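**Q** I would like to see how this sequence folds:
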Amino acid sequence: MIRMKVSTRIDKRGLKKLQAQLKNTSVNVGYIDSKIHWDNDVPVAQVAANLHYWSPWENTFMLTETRKSQINDAIKQEINTLGVESIESVAGSVGKRLAKQIQVNIREVSTPPNSEGWAEIKGFNDPLIYGSRIGQEPNLISELTYKVGDV
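**A** Below you'll find the model as predicted:
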């Protein structure tokens, strides 16, 4: 009987370089350089924080601990393109995808509804959409951005 043994070595230098690049790449998504909200003298970032953390719509739209799966899904979908794009390009794609996910989350929130008076002023009763349908900017959707690298 003839026995044959085959062995191979994997050069891990490329993988280590990729890990280092990923470790040093950050994507920030949210209200980074937001303007003053159209309805008051408060930055849109503060309005978003107030709505997300201290309102009846608590934890409904921002990508925090409660929505880790949305973040992980976006990263998994974009990481597949690593072979053909730069790390910065992939990070930008992740940022864009996550910003769109927050917009989807904002649009999906319907309860609790606005008060009748506020809905009348807005012209519609969609609790987290502030002005988008009637052209009043800046608002939670128009100011949502992402940046690759340090903010």
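**Q** Give me the distance between the residue nearest the centre of the chain and T145.
**A** Nearest to the mean C-alpha position of the chain, by Cα atoms, centre = their mean, lies L98 at 3.0 Å. In this structure, L98 and T145 are 11 Å apart, going by Cβ to Cβ, to the nearest Å. For every residue, glycine as well, the C-beta is placed using N, CA and C.
**Q** do V44 as well
**A** In terms of Cβ to Cβ, V44 sits 10 Å off from T145.
**Q** Who has more neighbours out of those two?
**A** V44 (23 against 15; other Cβ atoms under 10 Å).
**Q** re the thing from before, give me the common contacts of L98 and T145.
**A** V29 (Cβ atoms under 8 Å, 6 or more residues apart in numbering).
**Q** Now do the same contact list for P113.
**A** Contacts of P113 by Cβ under 8 Å, 6+ apart are A119, N125, P127.
**Q** Give me the phi and psi for it.
**A** Backbone geometry at P113, expressed as degrees, to the nearest 10, gives phi -70, psi 170.
**Q** and P138, how many neighbours?
**A** Using other Cβ under 10 Å as the criterion, the residues surrounding P138 number 19.
**Q** Repeat that for the one 10 residues further on.
**A** Per other Cβ under 10 Å, the neighbour tally for V148 reads 17.
**Q** For it, give its distance to G92.
**A** 5 Å.
**Q** Check A20 too.
**A** A20 is 19 Å from G92, by Cβ to Cβ.
**Q** Between those two, which has more neighbouring residues?
**A** G92 (18 against 11).
**Q** ok, that one - contacts?
**A** G92 neighbours (Cβ under 8 Å, 6+ apart): V27, Y146, V148.
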